[in-house]
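# have a look; sequence and predicted model below, questions after that.
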Amino acid sequence: MTVLEVFAPDGIGEIGEGTGLAEVCAPYVEDGDVVVITSKVISKAEGRVVAGDRDEAIRAETVRLVARRGPTSIVENHLGLVMAAAGIDASNVAPGMLVLLPLDPDASARRIREALLASTGRNVAVLVSDTAGRAWRHGQTDIAIGAAGIEPKVSFEGRTDGYGNELAVTEPAVADELTGIAEVVSGKLGGRPVTVLRGLADRVLPAGETGAGARSLVREVGTDMFGLGSREAVVAALSGADRTAFGAPASEGDLRLALSACGFDLSTGPGGVAVDADPADVRLAALLLAFGWKAAGRRAVDAFTSLAPLS
């Protein structure tokens, strides 16, 4: 039987720039613990609290707009995270101030872990948590944006379950699971920015080993099937300005289904995919860009346009 003890200490108090977070955590940890620290107090300790206009701050932290609905913007920030408002927060801070995410949460987690080992001799894992929404689901949950001393995900690919079925894509995001557990105990308004999970010593890496870091949990652009909002995907396809979010070229079968769904007549000959449309047709151009294909010239015999995947 595995027993997990989770607690969030009271009385830690306000964290300011220069606060030693390892010193804050030290009285509560034992060897083999997993320590979850909110990104907000790490940002405060690292001087990532600024005054200014929130919209300007969001633009400064944004790498790519993913979706916008009214005043809400979902963007990719400098850490590769896709979040509302680039992860900028104005709660639990003085009026008029904004809390930016840490510059490098994985590095922050490493520093705290190493400082705890140096000051206490206790080898712990450290996770940096932040709150995010999820596609398809109402509400928010905490996720890991920084990790040290623990592998953030575990692959079960190639292993078999109790019925002998081979697992192909099972890969629990352990770091996210643990930060979600921690948030249940710490709460949003309790002033408890540190949570200790005890009973997972088998997951804590030996001293000196940091693990892959939480950055490894971020899907690369082009591998995420929802890399753009629905409206933004239409704009990207019609403008032709950037196709990186659409990923690798689609299969011939998927392209044929899409062309048929949009009312195009397709060739059934042996020469590959061909469509009864001019290459300059706006709808065809948008589909080809989104699916990673190109027009390869008009066939003289029947005036169909031959299509080929982008190399």
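Alright, I've got the coordinates.
# give me the low-pLDDT residue ranges for the protein?
Scanning the chain for pLDDT under 70 picks out 269-270, 300-301.
# can you map out the strands along it?
Taking DSSP state E, the strands of the chain run over residues 5-7, 34-38, 49-51, 62-69, 72-77, 82-84, 97-99, 125-134, 137-148, 194-198, 274-275, 293-298, 305-309.
# export these as JSON lines, with columns for distance to residue 249.
In short, each C-beta sits where N, CA and C put it, glycine included. Output for those, formatted as JSON lines (distance: least, Cβ to Cβ, whole Å):
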{"stretch": "strand 5-7", "distance to residue 249": "46"}
{"stretch": "strand 34-38", "distance to residue 249": "41"}
{"stretch": "strand 49-51", "distance to residue 249": "43"}
{"stretch": "strand 62-69", "distance to residue 249": "21"}
{"stretch": "strand 72-77", "distance to residue 249": "23"}
{"stretch": "strand 82-84", "distance to residue 249": "23"}
{"stretch": "strand 97-99", "distance to residue 249": "41"}
{"stretch": "strand 125-134", "distance to residue 249": "29"}
{"stretch": "strand 137-148", "distance to residue 249": "30"}
{"stretch": "strand 194-198", "distance to residue 249": "44"}
{"stretch": "strand 274-275", "distance to residue 249": "16"}
{"stretch": "strand 293-298", "distance to residue 249": "6"}
{"stretch": "strand 305-309", "distance to residue 249": "4"}
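# mind saving the C-alpha coords of the longest helix along the chain as CSV?
Taking DSSP state H as the criterion, the chain has its longest helix at helix 105-120. Provided in CSV are the C-alpha atoms of helix 105-120 (Å, rounded to 0.1, in the frame of the first residue of the first chain):
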residue,chain,number,x,y,z
PRO,A,105,11.2,28.1,-13.6
ASP,A,106,13.3,24.9,-14.1
ALA,A,107,16.4,26.8,-13.1
SER,A,108,14.5,28.3,-10.1
ALA,A,109,13.5,24.7,-9.0
ARG,A,110,17.1,23.6,-9.3
ARG,A,111,18.5,26.4,-7.2
ILE,A,112,16.0,25.8,-4.4
ARG,A,113,16.7,22.1,-4.5
GLU,A,114,20.4,22.5,-4.4
ALA,A,115,20.2,25.1,-1.6
LEU,A,116,18.0,22.8,0.5
LEU,A,117,20.5,20.0,0.1
ALA,A,118,23.4,22.3,1.0
SER,A,119,21.7,23.7,4.1
THR,A,120,19.9,20.6,5.4
